[in-house]
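Student: sequence first, then the predicted structure:
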Amino acid sequence: MALEALGVHPASTLFTANVVIWVEGPTELFFYRHWLVPRLTEKKLIEGFHYTFMQYGGALISYLSVADEAQFGSTFDLLSMCRHPVIIVDSDLRSAPDDADPATFLKVGAQRIKKEIDELNDGRSKAGLFLWTAGREVENFLPVSAIWAAVSSLWSGYEKHQVALQKKTLEFDQYASYHEALWDHFLATGVAEIDKKNPAKALPIGRSVWGGANKVEMMRAALNAEGLCEADLMWDCSATLDDIQDFILSKCPID
C-alpha cells in the first residue's frame, strides 16, 4: 500500500518502463509525480509502462563521492536497470552560482552521476537526462502561499497566530531552506516560546510540525493548497517539467 501511494509498482516498475525518473526521496517523488503524471496521461503515456519513478536516496548519492570504481559499479548501477534514465538532483545551492558550469557547484556525488549520463549520451545520443533544481531544493519551486497552506493544514495553532505571522512577509527566496525561513519568520514576528532547556533562548512555536524533519508531510500538504496550479510554481519550474516531458515523449512513441 505504501509503495502504491508513492507510485511504485514493484511487479512491473523496472521490467516494463521505458524511462525511469530517478528522484532523491519521497518529497521529490510527490512533487514530480503531482505535476508530471497529469501532463503525461494527457499524452496517453501510462505510468509503470512508458515511465516510472524511483528513488535513489540522498545518502546514497553522497556515498558515491567516496566510493572506488568497484563499489561505484555495484552500488548504484542504475544505467543497467533502464535504457533511458532521467536523474533529478537538488542543487543544494545557498546562493546564486558564480559559474553556469554544474561542475563548479554540484556535490561530488551528483557530478559523478552527471559524468555517467554524459558518457551514456556519448555512446547513445540523448539516451539519458540529468537535471538539477533551479533553487536550493525542490521546495523552492513552491510559492509562499503553498508553504503557508501547508503550515495551516498541519499545525493546529496556526489560526491563533495567523494575524501576527502575516504582519511581516515571509522571505523565502530561490536559495533559502523553507524550514529555516519559517524559523526566522516565526521569531521575527514574535510567535515563539521559551526554550525550557535554555530559558534565555526563544524557539518558534509549531516547529516540530512544519520543521525539516516533516518535509514529506509539508510537501503533500503544500501540493493540496487550494487553487495551486503549475503557473504558480517558482523559478521556471514549468521549463524543467517541459524538459522531462519532452524527453519521455521522445523515448515513448505513441501509435
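Tutor: Cool, got the structure. Numbering: from 1, shown residues only.

Student: mind listing the helices for this structure?
Tutor: 2-5, 13-16, 26-42, 58-63, 69-75, 108-123, 144-154, 158-165, 178-188, 207-210, 215-223, 237-251 (DSSP state H).

Student: and those helices, which one's lowest on average pLDDT?
Tutor: Sorting the helices of the chain by mean pLDDT places helix 69-75 lowest, at a mean of 44.

Student: what about residue 106, neighbour count?
Tutor: 21 (other Cβ atoms under 10 Å). Where you see a C-beta, it was placed from the backbone N, CA and C, and this is true even at glycine.

Student: hmm, back to that, could the helices of the chain be laid out in TSV, adding distance to residue 85?
Tutor: TSV is the format used below for these (distance: least, Cβ to Cβ, whole Å):
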stretch	distance to residue 85
helix 2-5	20
helix 13-16	11
helix 26-42	14
helix 58-63	13
helix 69-75	15
helix 108-123	7
helix 144-154	29
helix 158-165	40
helix 178-188	28
helix 207-210	33
helix 215-223	23
helix 237-251	10
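
Student: distance to residue 194 and mean neighbour count added to those, as CSV?
Tutor: Formatted as CSV, these follow (distance: least, Cβ to Cβ, whole Å; neighbours: other Cβ atoms under 10 Å):
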stretch, distance to residue 194, mean neighbour count
helix 2-5, 38, 9
helix 13-16, 49, 14
helix 26-42, 31, 18
helix 58-63, 34, 15
helix 69-75, 46, 11
helix 108-123, 40, 16
helix 144-154, 21, 20
helix 158-165, 16, 14
helix 178-188, 12, 19
helix 207-210, 14, 19
helix 215-223, 25, 20
helix 237-251, 39, 16
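
Student: show me what contacts residue 249?
Tutor: Counting by Cβ atoms under 8 Å, 6 or more residues apart in numbering, residue 249 touches 43, 45.

Student: next: residue 202.
Tutor: Contact partners of residue 202, counting by Cβ under 8 Å, 6+ apart, are 187, 192, 193, 194, 195.

Student: ok, and the most crowded of those?
Tutor: residue 192 (17 neighbours).

Student: bridged to that one, which residues?
Tutor: For residue 192, the beta-bridge partners are residue 204 (DSSP bridges).

Student: thought it was touching residue 204?
Tutor: Yes - contact criterion Cβ atoms under 8 Å: residue 192 and residue 204 qualify, at 5.5 Å.

Student: name the residues contacting each of these two.
Tutor: Common neighbours of residue 192 and residue 204 (Cβ under 8 Å, 6+ apart) are residue 186.
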